[in-house]
Structure formats: structure tokens, C-alpha cells
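[1] Quick check, what structure comes out for this input:
(one chain, ligands or ions: 1)
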Amino acid sequence: MTSPLPRLVVLVSGRGSNLQAILDAIATRELDAEIVGVFSDKPNAAGLLRVDESLRWSATPKDFATREHFDAALADAIEASRPDWVVCAGYMKILGDAFVRRFTGKLLNIHPSLLPKYKGLRTHERALEAGDAEHGASVHFVSAELDGGAVIAQAKIPVLAGDTPQTLAARLLPREHALYVEVLKLAVAGRLTERNGIALRDGAPIFSPLSPDVTENPLH
Ligand code: GRF
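    From the prediction side, this is the model:
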């Protein structure tokens, strides 16, 4: 008998190209997992359309009394699909403490900067304004601090003369897709954990907190 596939839930707010990369990796069996739900705070998010209607859940935060009420409804719906991993992929709403606590250790996000640089929005603009020679994306465990959880892996690209936020974003996107799939392969193989704010692969720290500027992709 084959064992059941690891169950992924994906959260999206927009076009869902990272979700598509995950779907493609599953289709080619590069990633041995199944998507058991796609959840959104934007009922018209294009990303939702990438999966069968039966897998879609969305609600509008404004229809709830408070952000916490929305988060609780989202968390209940996610929990009902019994995920092994909850994967934020362009989910633009900040997740509250209570939500994060419910999924601690299995909640991942991709952020388009070389964290700890440029938490929050406008990351491509900020890298250009700072005159950075390199830019990139990070996959990290989600903690209560915005974009502040343990970094698992990063992809780097050079900043080229004449780059604009748009060209940087476009060059980074395919690297994001590959990076997320690599991290998810480790995750579903049970090789990824978090302890005391540090991500561990096979039980060993991936990034040393003593040298936080080590940004090689440690997965290769
Ligand atoms: C990506 O750049 C991701 O890093 C950021 O939002 C964007 C989402 O893109 N968090 P998509 O919806 O996956 O196409």
C-alpha cells in the first residue's frame, strides 16, 4: 500500500504564479504532495482559478467584525483540510498571532528580498534605492513578526545597470518558483523543522544566527 501524500494548503491574494509552480512540480512528480486547498482573502484572486472549484475557499476580511474574526474563520477552514504544510504564496494580508500559533512549525512564506533586508512592501524599489549589488527572495517559517521568521533558503540575482523594479521582479520570479519547490521537497520529506527561531535541515541549523549575512542557497 502506498502512504498518503503530504497535504499542502496554499494561501494566495493575487495571480498565483508560485502556486502554479507548485502545481507543475506536483504534476511532473518532482514534488510528491497534493494540494488540498487554496485559500484567499480576495474572492476574485486569479490564483484561485488555478485549482478545481472544490479546492477553493475565499472570504472578504471586511465582511468580518475584526481581522481576528477573519483569521479565525480562515484558520478553521484550513484546519478542516488537515494540512501538513501551510504555504503562503503571495498572500498579502498580515496573519495575526493567533493564526500563526495554530500553524507554528508548518507555516511557510516566500518574500521577495534577501531577508532580513526589506521586510514588508516595495522590496524591489528599496533594493534599487539602496544601490544594492544583489537582490533576491527568501523562503522562511512564518512567525508573529512580519517577514521575521527563520529563513530556510534564499535565491540571489545580481542587480544590473538600468534595472527597474519591474525588471528586477521579472528576473526574480522564476528563481522564486524554483526556490519554493526546492524547499517544499525538503518539507514534505520531513527534513525541515524549526527550533528557537532557527530553521533546521535534517536537524542541523541552515543559517547560523552568528552570520546572518550568509545568503548562499544552502539547499544545493
Ligand atoms: C511573489 O513575488 C512573492 O514573493 C510575493 O508576492 C509575489 C506573489 O506572486 N510574496 P504570485 O502570486 O505567486 O505570482
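[2] interface residues of the protein facing the ligand?
    Where proximity means Cβ under 6 Å from any ligand atom, the interface of the chain facing the ligand comprises 12, 14-18, 47, 89-90, 110-112, 137, 176. C-beta here means a position set from N, CA and C on the backbone, and glycine is covered the same way.
[3] Need those in CSV (columns: neighbour count).
    Shown next, in CSV, are these (neighbours: other Cβ atoms under 10 Å):
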residue, neighbour count
Val12, 27
Gly14, 16
Arg15, 14
Gly16, 23
Ser17, 17
Asn18, 25
Gly47, 24
Ala89, 24
Gly90, 21
Ile110, 22
His111, 25
Pro112, 23
Ala137, 25
Glu176, 23
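[4] so what's whichever residue of the chain sits closest to the ligand closest to, chain neighbours aside?
    Here the chain gets closest to the ligand at one residue, Gly90, 2.6 Å apart by Cβ to the nearest ligand atom. Nearest non-adjacent residue to Gly90, counting by Cβ to Cβ, 6 or more residues apart in numbering: Gly14, 4.9 Å away.
[5] Same check on Asp163?
    Leu128 (6.4 Å).
[6] Likewise for Arg191?
    Counting by Cβ to Cβ, 6+ apart, the nearest residue to Arg191 once its immediate chain neighbours are dropped is Asp202, at 5.3 Å.
[7] Count the neighbours of that neighbour for me.
    Burial of Asp202 is recorded as 11 neighbouring residues (other Cβ atoms under 10 Å).
[8] for this structure, what's the longest helix?
    As assigned by DSSP state H, the longest helix anywhere in the chain is helix 165-188.
[9] Which positions within it qualify as buried?
    Residues of helix 165-188 classed as buried by neighbour count (16 or more other Cβ atoms under 10 Å): 168-169, 171-172, 175-177, 179-188.
[10] just to revisit the earlier point, my guess is the residue nearest to Arg191 meets Ala189, correct?
    No. In this structure Asp202 lies outside contact range of Ala189 using Cβ atoms under 8 Å: 9.6 Å.
[11] Could you name the helices and strands sitting against the helix or strand containing Leu23?
    In the assignment (DSSP states H and E), Leu23 maps to helix 17-27. In terms of contacts (3 or more Cβ pairs under 8 Å, 6 or more residues apart in numbering; DSSP states H and E), helix 17-27 is packed against strand 7-12, strand 34-40, helix 165-188.
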